[in-house]
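Trainee: Sequence and predicted structure are below.
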Protein chains: 2
Amino acid sequence: MNSEFIIAVHSLVFLTYIPGQMATSETIAENVCTHPARIRKVMSCLRKNGFVKTKEGIGGGYILDCNPDEVTLGQVYRAVSCGTLKPGWCSGDSEQACMISSNIKHVMDEVFLDAETQLETYLNGHTVSSILQRIKHCKE
Amino acid sequence: MNSEFIIAVHSLVFLTYIPGQMATSETIAENVCTHPARIRKVMSCLRKNGFVKTKEGIGGGYILDCNPDEVTLGQVYRAVSCGTLKPGWCSGDSEQACMISSNIKHVMDEVFLDAETQLETYLNGHTVSSILQRIKHCKE
DNA sequence: TTAACTGTATAGAATAAAATTACAGTAACC
DNA sequence: GGTTACTGTAATTTTATTCTATACAGTTAA
C-alpha cells in the first residue's frame, strides 16, 4: 500500500473541512506534513479524476469538486494507488525447471489482484465525509 | 504488505510439494530466489507458529508440520506479516492546532486495522493446498 | 571431533521513497 | 506589460527501507 493514498485522503478531508475555500499546495502540505511538490503531484492526479478543481496563478490553489458524502476511499485508492497492494519483491523464477518456482509468481499475482478488489470493496464503505466525521468525534 | 508473506507461502507450498521430506534453507532459498539466511528467518517464525518443524545439525532442515488443506493464507499472514498493510509513512502531526492534522492519524490507523482484518478474511479463503493446486494447473 | 545444518545478529549493498530544487506555464493585479 | 503568486512536472539529492551477505554460536549425526 502506497502512502500517496493517505495524502490523497488527507487532502480531500482537509478541503471538505474548508468548503468553498481554495487551499494552496503549501497550506495543504503543512497540514499533511510533507513537501508542497508532493502535494501538487497527488492533487494533479485527483484533478484528472474529477475530485478537485485547480487554479493556477495568483490566488490559485485547490478546491473540492465532488460530493464528499459520495466519494469513497475505494475510489480514491483506485485513482491514486491502484496496484500497490502487492509487494515489489516477488519469489520464484520462471526459468527454473521446478513447477513451484516457475509458476508461483503467476498464481500469487492473481491472489493479490483479487485481494485488492476485496480491499477496494471495504474502502467503499468509507466516504470522505465519514472520515471527517470520525475525526471530529475524536476526543481532544 | 510485506514480501516475507510471499516467502512464507512459497516455502509452505514447496514443503507441501515434497511431503515427508526435509529441505534445507539453501534448497528452499534457491527455489524462492533469495538468500538462505532470509529463509531461515522466515522459517523460524513459521516454526514458532507451528506450521513447520525444524531440525538442526547434519541432515537437518525444514519439514511441514501442519495440514496444508487447513492452513490458510490468512493464518500465514497473521503469523508473518501482521500490521504491514498500513504504509510506513503517515500524514498529520498530533502537535498541530488543526483538528484534521492532529487526529487523522488515529482515524486512519483504525481504517487500516479494519482493512487488515478484511484482508485476512479474504486470505482465509485460500489454503496452502489450494495454492499448490492452482500452480499445478498452470499451463506450460 | 568434524561436518552440515539452524538461529540470530549485524554489516553492507541495492533499491525505493521522500524531500528538495528547478523552471516553464498561467492568471491576477498594479 | 511586467511582477508576483500560484500550479505542473521533471530531475536531483537525500533519506529510509529492503534485501543480500557475512559471521558465528548452538545443535546433531556420523
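Mentor: Okay, I see it. Residues are numbered from 1 along each chain as shown, chains lettered A, B, ... in the order given.

Trainee: Now do the strands in chain A.
Mentor: A:52-55, A:61-64 (DSSP state E).

Trainee: Tabulate those strands (TSV), appending mean pLDDT and mean neighbour count.
Mentor: C-beta coordinates here come from the backbone N, C-alpha and C atoms, glycine included. Output for these, formatted as TSV (pLDDT from 0 to 100; neighbours: other CB atoms under 10 Å in any protein chain shown):
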stretch	mean pLDDT	mean neighbour count
strand A:52-55	97	16
strand A:61-64	98	22
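
Trainee: Is it possible to get CSV of those that adds distance to residue B:18?
Mentor: Shown next, in CSV, are the strands of chain A (distance: least, CB to CB, whole Å):
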stretch, distance to residue B:18
strand A:52-55, 54
strand A:61-64, 57
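
Trainee: who's in contact with residue A:114?
Mentor: By CB atoms under 8 Å, 6 or more residues apart in numbering or on different chains, residue A:114 lies in contact with residue B:122.

Trainee: Output the strands of chain A in a markdown table, with distance to DNA strand C appended to each entry.
Mentor: Listed next are these as a markdown table, based on distance: least, CB to the nearest atom of the strand, whole Å:
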| stretch | distance to DNA strand C |
| --- | --- |
| strand A:52-55 | 6 |
| strand A:61-64 | 11 |
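
Trainee: Quick check: closest non-adjacent residue to whichever residue of chain A sits closest to DNA strand D.
Mentor: In chain A, the residue that lies nearest DNA strand D is residue A:89 (2.9 Å; CB to the nearest atom of the strand). Nearest residue to residue A:89 in three dimensions, chain neighbours excluded: residue B:3, at 3.9 Å (CB to CB, 6 or more residues apart in numbering or on different chains).

Trainee: Do I have it right that residue A:45 meets residue A:81?
Mentor: No. Contact criterion CB atoms under 8 Å: residue A:45 and residue A:81 do not qualify, at 9.8 Å.

Trainee: How much space separates residue A:36 from chain B?
Mentor: 14 Å (CB to the nearest CB, to the nearest Å).

Trainee: Counting neighbours, what do you get for that residue?
Mentor: Number of residues near residue A:36 (other CB atoms under 10 Å in any protein chain shown) recorded here: 16.

Trainee: Thank you, goodbye.
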